[in-house]
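[1] Would you be able to build a 3D model of this:
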Amino acid sequence: MHFCALPAETLAILRRGAVIPAHPLALNAARRLDPRRQRALSRYYLDAGSGGLAVGVHATQFAIRERGLYEPVLKLAAEEARTWVKRPVFLVGGLSGRTPQAREEAAIARALGYHAGMLSLAPMKGASVDELVAHCAAVAAEIPLVGFYLQTAVGGIALPADFWRRFCEIENVIAVKIAPFNRYRTLDVVKGLVAARAEERVTLYTGNDDHIVLDLLAPFVVKRGGEDVAVRIKGGLLGHWSVWTGYAVALLKRLQEEKPSEELLALDSRVTDANSAFFDVANDFAGCIAGCHEVLRRQGLLEGTWCLDPKEGLSPGQKEEIDRVYAAYPEMNDDDFVRANLSRWLT
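    Residues are numbered from 1 along each chain as shown. The predicted structure is shown next:
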């Protein structure tokens, strides 16, 4: 058993609420790993002020496992987190597969210095709640766990509040990334957390790219017996925050420090609109990875938008949508910051 014994200063990052970008995969034209640009991405996120990195997750492409890239890619990010900045960085390794594979990945991530594993349940489609909870408990015996409610549009499975209650009761669970893109299902996670009496131990993060600002501004209030329990989502572990990350860090700081106002609330729709272009909402998220790659390509961080699957790329009209949001929200990009530091990151 490897129950949670994280350094206090590292765990404090997670609990306070941080920007944790879902780390993309840098490929060259031959669709092979480009280590120089992979490192440059990590350096960008760290210099932008991210509190952590999530690697081997959806944005990194699950197919890295089939290409023998899982350990090399996690290793590159861990090295940069240790050497590029002189501060603690919370490292999350993506975990996937059935129980033996997920446990093996958890052991790899732990050995590389990752503090937690974020467990995708998509490969467990068709399993009962009992089977899902047993799977999660087995993986949690290897590494502290971040739960992951992945939207069904990209392969996630619907998970009831009772699952989340039982999941949050697992001793080595420390956080949940809520990303069903659905308010009812988001509330199911909160209800399960509160029913488990785990609200002080398990920290909630948003992955709801359609409601980032509102998730971070508004408390969730649910009943436990006759008591009203208020719970807040503290930070974001987001593919959206793999681009324009400097703005994301400044945004989270505002949302944590300022009282809700019309001005802050108005940012919700603007951020969601930008996300609609990056994540290719018009085509049911088909270009969600390539869309983020395109922003990073424009900034010079990536050489191209290549994905491991040659069939994955920008959808028709997606480039124009990215043009539109670039023009509509110039205050949200961090192009100047990237331009000033790019050559240093690429060294």
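[2] Could you pull up the contacting residues of residue 77?
    Residue 77 is in contact with 23, 38, 42, 53, 55, 91, counting by CB atoms under 8 Å, 6 or more residues apart in numbering. C-beta: built from backbone N, CA, C; applies to glycine.
[3] out of those residues, who has the most neighbours?
    Each of those was scored for neighbours by other CB atoms under 10 Å, and residue 55 scores highest at 31 neighbours.
[4] which ones are touching that one?
    23, 73-74, 77-78, 91-94, 114.
[5] Then residue 228?
    221-222.
[6] May I have the predicted confidence score for it?
    Per-residue pLDDT puts residue 228 at 97.
[7] For it, which residues count as its bridge partners?
    Assessed by DSSP bridges, residue 228 has beta-bridge partners residue 223.
[8] picking up where we left off before, pick the one among the contacts of residue 55 closest to residue 173.
    Nearest to residue 173 out of the contacts of residue 55 is residue 92 (CB to CB; 13.2 Å).
[9] List just the nearest of the contacts of residue 77 to residue 29.
    For those, the closest approach to residue 29 (CB to CB) belongs to residue 38, at 15.2 Å.
[10] Leaving out the residues flanking it, which one is nearest to the closest one?
    Nearest non-adjacent residue to residue 38, counting by CB to CB, 6 or more residues apart in numbering: residue 26, 4.3 Å away.
[11] Okay, now the unreliable bits of the stretch 1-150 of the chain?
    Where the stretch 1-150 of the chain drops to pLDDT under 70, the residues are 1-4.
[12] Swap in 80 and give it another go.
    By pLDDT under 80, the weakly predicted segments of the stretch 1-150 of the chain are 1-5.
[13] In contact with the residue nearest to residue 38: list those residues for me.
    Residue 26 neighbours (CB under 8 Å, 6+ apart): 33-38, 40-41, 301-303.
[14] for residue 217, same thing?
    Each residue near residue 217 by CB under 8 Å, 6+ apart is listed here: 255, 260, 264-265, 268.
[15] ok, now residue 207?
    Counting by CB under 8 Å, 6+ apart, residue 207 touches 148-150, 177-179, 236-239.
[16] Spell out, range by range, the strands that occur in the chain.
    For the chain, the strands defined by DSSP state E cover 19-21, 52-55, 90-95, 116-119, 145-150, 173-179, 203-206, 220-224, 227-231, 233-238.
[17] Including distance to residue 125, could those go into JSON lines?
    Formatted as JSON lines, those follow (distance: least, CB to CB, whole Å):
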{"stretch": "strand 19-21", "distance to residue 125": "26"}
{"stretch": "strand 52-55", "distance to residue 125": "22"}
{"stretch": "strand 90-95", "distance to residue 125": "16"}
{"stretch": "strand 116-119", "distance to residue 125": "14"}
{"stretch": "strand 145-150", "distance to residue 125": "11"}
{"stretch": "strand 173-179", "distance to residue 125": "17"}
{"stretch": "strand 203-206", "distance to residue 125": "23"}
{"stretch": "strand 220-224", "distance to residue 125": "27"}
{"stretch": "strand 227-231", "distance to residue 125": "28"}
{"stretch": "strand 233-238", "distance to residue 125": "22"}
